[in-house]
Structure formats: structure tokens, C-alpha cells
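Q: here are the coordinates; sequence isn't available:
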């Protein structure tokens, strides 16, 4: 079974505050953009994880795909599988590549063994693997070319489908510098901005006005540590982007351009 886990970008990312469980409450709009990985899951006599493409900083058996398999096995009597991952989405870039691969593993297992579990059930299992994994369970069912994505709240796992119709007139270009930013590094210096106007209202502004109303709260901290990321954002604007932002906790930067 072969699936193609997609990268995502965050349009607007407000860190509302820290939770009692150590996570942060946030509000963002997820939409698929950029590259896809290639993931194959087949039947096997033992659990095997193979990694190809971009080099990763972890041992294969510590990959989130293995964690996703184990999350499925903890609820269903599934046999071992062999997972072959060809990595194209850079890691540590705020594009959700690891979470996308984990969700892809869950989806592939569901298809391979004809389990016919609904997306809502798969998303609940995915939430045990990572906060933004549930979005990637739904990603293939969304028409990102038409501006369809999901608003995420809570840890990013409380999702509601939302369409920004005007995005169908634009294209999203992603640049990923050779900079790795860990989640711990990103959150260590972030300053929560608290509650604000619902992101759905902000997304209704014309794209030309997003620069003044939609912000990524990670940027203030990350730009100080890595000014070259800020430079990429400024270059996006100089090249004609109507809106540009760092995605997630960085280091990838995307720009929205007229087609």
C-alpha cells in the first residue's frame, strides 16, 4: 500500500497560552502545500522500518511511523508490517513532515487490512502520536487547490474544516533553508499573545491585507536566533508575495503569490 503524505503550512499561528499538561493552546489554519513524501506499507513477518531520501536525525525504529504502527496495534490485532519511507519533506522546518508520515502509516494500515475505519477514528488514534497528526489524516480528503484546509485549536488537534475560497486564485511557494529548529527550541522563547479575534474572521480579509492581521507568534523569537529566516520572508515580499510567513515553528517560509 503506497500513500503520499503531504506537507502543510500554517496561515496564522497564535499561541494563546500554556496548558496545565505542559502543551500550549493555539489557533491556526492548516493547509496542504509544498512537497509530499512517499510511504509504502506492506505485510511482513516482523516490524521493519526503512528510510530513504533525505537523511533523518533518528534511528529508523524511532521514526514516528513506528510509533503510529504501535498506536494502531495497541487497539487492533494487526500483524507486523514493513514500512518504506522515501523522505522529501525537510524535517525541523515547520512543515509537519514527521506527523504527515505518521498519519500516512495509519491510513495505509487501514487500507492494507481493509479495516474501513472512518477518518474520525483514525484521527483519534493519530492524536496519540502527535498534536498535529490528526490534520494529516484528513489532508487527502481536502481540496487545497480550492483553499480547503482546517482550523486547528487546542494543541492543534481540535479541527474544523474551513475553506478560504480566495486562495484558489493564488499559489503557495515554500522555501526551506538548511536550518533545523526543534520544537523545544521554538517553544522555549515564544511569548503567548492570548485570545484574539477568531482566525476565521481574519481569513475573510483580502489576502492583500493578511500582512497586517495574521501573524505567526514563533517569528519574533526565531527571527532573533536565525535572522536569515527573516531575510527569506523579506525576499518573498520583494519578489511579489502578497503574504509571507514562517510555517509552524520554522524554518520553512512560504509566500502567497498571484497565479
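A: That came in fine, so what should we check first? Just so it is clear, the structure is predicted and the values come from calculations on it, not from any experiment. Numbering: from 1, shown residues only.
Q: in the protein, which spans are helices?
A: 64-73, 97-112, 119-126, 133-138, 183-188, 199-203, 219-225, 227-238 (DSSP state H).
Q: chain center to the longest one, what's the gap?
A: The one in question is helix 97-112. 13 Å (Cα atoms, centre = their mean, to the nearest Å).
Q: Does anything pack onto it? Which helices or strands?
A: When contacts are defined as 3 or more Cβ pairs under 8 Å, 6 or more residues apart in numbering; DSSP states H and E, helix 97-112 packs onto strand 2-3, strand 6-18, strand 38-43, helix 64-73, strand 81-87, helix 119-126, helix 133-138. Placement of C-beta: from N, CA and C, glycine included.
Q: if we can go back for a sec, would you single out the least confident of the helices of the chain?
A: Lowest mean pLDDT of these: helix 183-188, a mean of 85.
Q: which helices and strands sit right next to it?
A: Going by 3+ Cβ pairs under 8 Å, 6+ apart, helix 183-188 lies up against helix 219-225.
Q: contacts for the helix it packs on?
A: Here helix 219-225 makes contact (Cβ atoms under 8 Å, 6 or more residues apart in numbering) with 181, 185-186, 189-191, 229-230, 233, 245-246, 249-251.
Q: If you average pLDDT per helix and strand, which one of the chain comes out bottom?
A: helix 183-188 (a mean of 85; mean pLDDT, DSSP states H and E).
Q: what about residue 80, neighbour count?
A: 12 (other Cβ atoms under 10 Å).
Q: let me fix that: residue 201
A: Neighbour number of residue 201 under other Cβ under 10 Å is 10.
Q: How about residue 2?
A: Residue 2, neighbours per other Cβ under 10 Å, totals 13.
Q: Show me the beta-bridge partners of it.
A: residue 40 (DSSP bridges).
Q: what's residue 252 sitting at in phi/psi?
A: phi -70, psi 140 (degrees, to the nearest 10).
Q: how much space between it and residue 148?
A: According to Cβ to Cβ, to the nearest Å, residue 252 stands 21 Å off from residue 148.
Q: Among the two, which residue is more densely surrounded?
A: residue 252 (30 against 19).
Q: wait, what's in contact with that one?
A: So residue 252 contacts 9, 34, 90, 93, 94, 95, 174, 175, 176, 177, 246 (Cβ under 8 Å, 6+ apart).
Q: one step back: export the helices and strands packed on helix 97-112 to CSV and tack on distance to residue 27?
A: CSV is the format used below for the helices and strands packed on helix 97-112 (distance: least, Cβ to Cβ, whole Å):
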stretch, distance to residue 27
strand 2-3, 29
strand 6-18, 5
strand 38-43, 29
helix 64-73, 24
strand 81-87, 29
helix 119-126, 18
helix 133-138, 13
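Q: Tell me which of these lies nearest to residue 28.
A: Checking the helices and strands packed on helix 97-112 against residue 28 by Cβ to Cβ gives strand 6-18 as the closest, at 4.5 Å.
Q: in that closest one, what's buried?
A: 6, 7, 8, 9, 10, 11, 12, 13, 14, 15, 16 (16 or more other Cβ atoms under 10 Å).
Q: So which of those is the closest to residue 165?
A: Distance ranking of those against residue 165, using Cβ to Cβ, places residue 11 first at 13.7 Å.
Q: Bridging across strands, which residues link to the closest residue to that closest one other than its chain neighbours?
A: Distance criterion Cβ to Cβ, 6 or more residues apart in numbering; nearest residue to residue 11, sequence neighbours excluded, is residue 29 at 4.4 Å. Applying DSSP bridges to residue 29 gives these bridge partners: residue 11, residue 151.
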